[in-house]
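> 3D, please:
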Amino acid sequence: MTATLIQSPDRVILRNISWQSYQSLVSDFESEPAMRLTYDRGTLEIRMPLDPHETYKKLLGRLIEAATEELGLEIRSLGSRTCDREDLQRGLEPDQCYYIQNEAMVRDVEQSDLAQFPPPDLAVEVDITSSSLDRFSIYADLRVPEVWHYNGQTLTLYQLAEGAYRVCDRSLALPRLKASDMVQLLELRFPKQPSLPAAGENSVVRQFRQWLRSQLEH
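Model prediction:
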C-alpha cells in the first residue's frame, strides 16, 4: 500500500510503513541526531525538535549524570539510542536514556538487542508539543521501568507497574531525587516569573550538586 503523509510544523507522519523501511530510515538518520523517530505498527512519526526541546533534554540529562556521580553510581548513557523490537513492531528514540540498575549487564556490550537484554532503566521525555503517537504505551511494551516527562513547566516521574505507568513522587533509579526538588532546580534556569533572572546551565548543575551533597549529609 502507498504511504500517506500528514505534516505539521515540527513533525511528519507516514502511514503504512514497513518495519524494513523504518529500520532503513533509522540508519539514514544516524547523521541527523536531532531527528526523533517513533514507529508504531506501521505508523511512523518523524519529529524535528526545536531549540527549547533540546535545551530542556540536555539539562535534564546533565542533572541525572551529575546525580549518579554524587551518589557513586555507575551509568551507561545512551542518549537518544533507538529502542525497538521487531517482535512488537514498535520503536522510539528517547530524548535521553540510561542504564543504571542494569549498567553492569550492558557495560561491555557494544550494541544491546532489546529482545535479549533489558531496556534502559531510565528514559527522559521532553514533550513541549505533544507527540501524535502514544509513546508511553510503546515504552510500556518495551518494559522501560521509569520515564521522566517534562513539558516545559512540570516534571512528572512515572514508574512501570503491571504493564502501565503510574505517577511517583520519587525516582526509582535515583531514590534521592523527588520531582518537586527537580522542578525547583529547573525553574532556576527557566523562571516562571519573567522578572526573575535566568541562571546559566553550569550554575544550575553546580547548585544541584551542592543541594544533593547537603541531602547526603543528613
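
> next, the buried residues of stretch 54-68.
Residues of stretch 54-68 classed as buried: Tyr56, Lys57, Lys58, Leu59, Leu60, Gly61, Arg62, Leu63, Ile64, Ala66, Ala67, Thr68 (neighbour count, 16 or more other Cβ atoms under 10 Å). From N, CA and C alone the C-beta is placed, and that goes for glycine too.

> name the nearest of these relative to Thr38.
Lys57 (15.3 Å; Cβ to Cβ).

> give the contact list for the closest residue to the closest one other than its chain neighbours.
For Lys57, the nearest residue in space outside its immediate sequence neighbours is Asp95; the separation is 3.9 Å by Cβ to Cβ, 6 or more residues apart in numbering. The contact partners of Asp95, by Cβ atoms under 8 Å, 6 or more residues apart in numbering, come to Arg36, His53, Lys57, Leu60, Gly61, Ser80, Ala123, Val124, Glu125, Val126.

> okay, those residues in a markdown table with pLDDT and distance to Arg107 next?
Listed next are these as a markdown table, based on pLDDT from 0 to 100; distance: Cβ to Cβ, whole Å:
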| residue | pLDDT | distance to Arg107 |
| --- | --- | --- |
| Arg36 | 88 | 26 |
| His53 | 86 | 30 |
| Lys57 | 93 | 24 |
| Leu60 | 96 | 23 |
| Gly61 | 97 | 19 |
| Ser80 | 92 | 20 |
| Ala123 | 98 | 19 |
| Val124 | 97 | 21 |
| Glu125 | 94 | 25 |
| Val126 | 92 | 27 |
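
> got the residue ranges for the helices in this structure?
Assigned by DSSP state H, the helices in the chain fall at 19-28, 51-70, 103-106, 135-142, 179-189, 201-216.

> just the CA trace of the longest one, in PDB.
Once non-C-alpha atoms are left out, helix 51-70 reads as follows in PDB (Å, rounded to 0.1, in the frame of the first residue of the first chain):
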ATOM      1  CA  ASP A  51      15.800  24.700  20.400                       C
ATOM      2  CA  PRO A  52      13.800  24.800  23.700                       C
ATOM      3  CA  HIS A  53      13.200  21.000  23.500                       C
ATOM      4  CA  GLU A  54      17.000  20.300  23.000                       C
ATOM      5  CA  THR A  55      17.900  22.700  25.900                       C
ATOM      6  CA  TYR A  56      15.500  21.000  28.300                       C
ATOM      7  CA  LYS A  57      16.500  17.500  27.500                       C
ATOM      8  CA  LYS A  58      20.200  18.300  27.700                       C
ATOM      9  CA  LEU A  59      19.900  20.000  31.100                       C
ATOM     10  CA  LEU A  60      17.800  17.100  32.500                       C
ATOM     11  CA  GLY A  61      20.500  14.700  31.200                       C
ATOM     12  CA  ARG A  62      23.300  16.700  32.900                       C
ATOM     13  CA  LEU A  63      21.400  16.700  36.200                       C
ATOM     14  CA  ILE A  64      20.900  12.900  36.000                       C
ATOM     15  CA  GLU A  65      24.500  12.300  35.200                       C
ATOM     16  CA  ALA A  66      25.700  14.700  38.000                       C
ATOM     17  CA  ALA A  67      23.400  12.800  40.400                       C
ATOM     18  CA  THR A  68      24.900   9.400  39.500                       C
ATOM     19  CA  GLU A  69      28.400  10.900  40.100                       C
ATOM     20  CA  GLU A  70      27.500  12.300  43.500                       C
END
